[in-house]
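*Asks:* below are the sequence and a predicted model for it; my questions follow.
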Amino acid sequence: MEKTFDGTTGLITGGGSGIGQASALALAAAGCTVTVAGRTVARLEETVRMITEAGGSARLAECDVSDERSVEHAVNVAVGDSGRLDFGVNSAGISGGDDLRKFADYPVEAFDRMIATDLRGTFLAMKYQLRQMHAQGFGSIVNIGSGASVVGVPGFAGYTAAKHGVIGLTRTAALDYGPAGIRVNALVVGLVNTPLIAEGRSPEVMAARIAAHPIGRLGESREIADAVVWLCSDRSSFVTGAAIPVDGGYTAQ
């Protein structure tokens with residue numbers, strides 16, 4: 001890959017697996033020094049190993065995105081001695097799994113957990129990324145949303161509320177910081193073929209999930225990472241405040 005990001009730095013939350021890991025690998029391959037953040041150090045270490053063995057530069061920050069001081073620390077690690085943060089990719093999140101509950105039966109504890117990680121976590125990451133980017137006068141943030149960011153999903157009140165909120169945060173930040181040279185966008189992602197998606201699910205459930213995508217298959221993490229790299233690059237220099245579907249047609253229905 002062409003080293004278009006030489007000299008840049010990036011922070012990827014949820015960088016130990018799935019879309020976050022793929023985004024870290026793709027940005028590093030383009031020359032970015034990436035910091036991967038997450039709760040499971042062993043997974044972060046694996047991402048760092050993969051990057052360094054491929055000739056890239058990476059470091060890690062143990063981070064719970066629902067905790068403000070933890071997020072601030074992760075941003076500081078990413079900035080490091082360079083004094084800059086070019087890219088923020090906010091991929092950390094949890095899903096509701098297959099525990100479908102009608103709205104009135106949705107547990108408050110599950111709702112609070114989803115909001116704390118998927119929405120509050122994105123807010124906190126953006127807060128400290130934006131502070132650094134505003135001080136330096138440039139930067140690009142990419143938030144990882146979901147089909148549930150723009151359509152309702154029966155049985156997933158907490159997840160849907162959190163992911164809709166991510167789009168609201170994205171648009172508000174884009175308006176607040178566009179004049180300062182900072183772009184903020186979101187990807188509306190369909191189901192992606194990661195271990196988390198397939199774990200514990202029957203072939204029948206997986207077949208139904210695939211059938212929900214007109215393209216006839218699940219996405220791959222690298223396909224989402226390609227869109228992340230584009231949104232970080234100057235090739236998308238006129239794009240901000242957007243919620244871009246990379247979803248196999250899921251939200252076109």
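*Replies:* Happy to help now that I have it.
*Asks:* number of nearby residues for the closest residue to Asn143 other than its chain neighbours?
*Replies:* Once flanking residues are discounted, Asn143 sits nearest to Ala186: 4.3 Å by CB to CB, 6 or more residues apart in numbering. Yep, even glycine has a C-beta here, placed from its N, CA and C like the rest. If you count neighbours by other CB atoms under 10 Å, Ala186 ends up with 28.
*Asks:* repeat that for Val108.
*Replies:* Val108: 8 neighbours (other CB under 10 Å).
*Asks:* helices of the protein, residue ranges please.
*Replies:* Secondary structure of the chain (DSSP state H): helices at 18-29, 41-53, 68-79, 108-114, 121-136, 157-177, 195-198, 203-211, 221-232.
*Asks:* what residues sit buried inside the longest one?
*Replies:* Burial within helix 157-177, assessed by neighbour count using 16 or more other CB atoms under 10 Å, is assigned to 157-167, 169-171, 173-174, 177.
*Asks:* just give me the neighbour total for the nearest residue to Arg201 once chain neighbours are set aside.
*Replies:* Closest residue to Arg201 apart from its sequence neighbours, by CB to CB, 6+ apart: Asp98 at 6.6 Å. Asp98 has 12 neighbours, counted by other CB under 10 Å.
*Asks:* quick check: phi and psi at Asp98.
*Replies:* For Asp98, the backbone dihedrals (degrees, to the nearest 10) come out as phi -110, psi 20.
*Asks:* confirm for me that it is in contact with Met206.
*Replies:* No: look at Asp98 against Met206 with CB atoms under 8 Å: they stay out of range, at 10.8 Å.
*Asks:* what's the per-residue pLDDT of the residue positioned nearest the centre of the chain here?
*Replies:* For the chain, the residue nearest the mean C-alpha position is Ser91 (2.1 Å; CA atoms, centre = their mean). Per-residue pLDDT puts Ser91 at 97.
*Asks:* also the one 3 residues further on?
*Replies:* We note a pLDDT of 91 for Ile94 in this prediction.
*Asks:* do Leu196 as well
*Replies:* So Leu196 comes in at 65 (pLDDT).
*Asks:* next: the one 5 residues further on.
*Replies:* Reading off the confidence values, Arg201 has pLDDT 73.
*Asks:* how near is it to Val108?
*Replies:* Arg201 sits 26 Å away from Val108, going by CB to CB, to the nearest Å.
*Asks:* one more: Thr8?
*Replies:* Relative to Val108, Thr8 is positioned 42 Å away (CB to CB).
*Asks:* now swap in Gly31 and tell me
*Replies:* 46 Å.
*Asks:* one more: Phe5?
*Replies:* Distance from Phe5 to Val108, by CB to CB: 43 Å.
*Asks:* show me the longest strand that occurs in this structure.
*Replies:* Counting residues, the longest strand found in the chain (DSSP state E) is strand 182-189.
*Asks:* measure how buried Thr251 is and give me the count.
*Replies:* 16.
*Asks:* ok, it touching Pro245?
*Replies:* Yes: if you go by CB under 8 Å, Thr251 and Pro245 touch, sitting 5.3 Å apart.
*Asks:* give me the low-pLDDT residue ranges for the stretch 51-200 of the chain?
*Replies:* 195-196, 198-200 (pLDDT under 70).
*Asks:* model confidence for Ala207, exactly?
*Replies:* Per-residue pLDDT puts Ala207 at 89.
*Asks:* how far away is it from Gly178?
*Replies:* Relative to Gly178, Ala207 is positioned 43 Å away (CB to CB).
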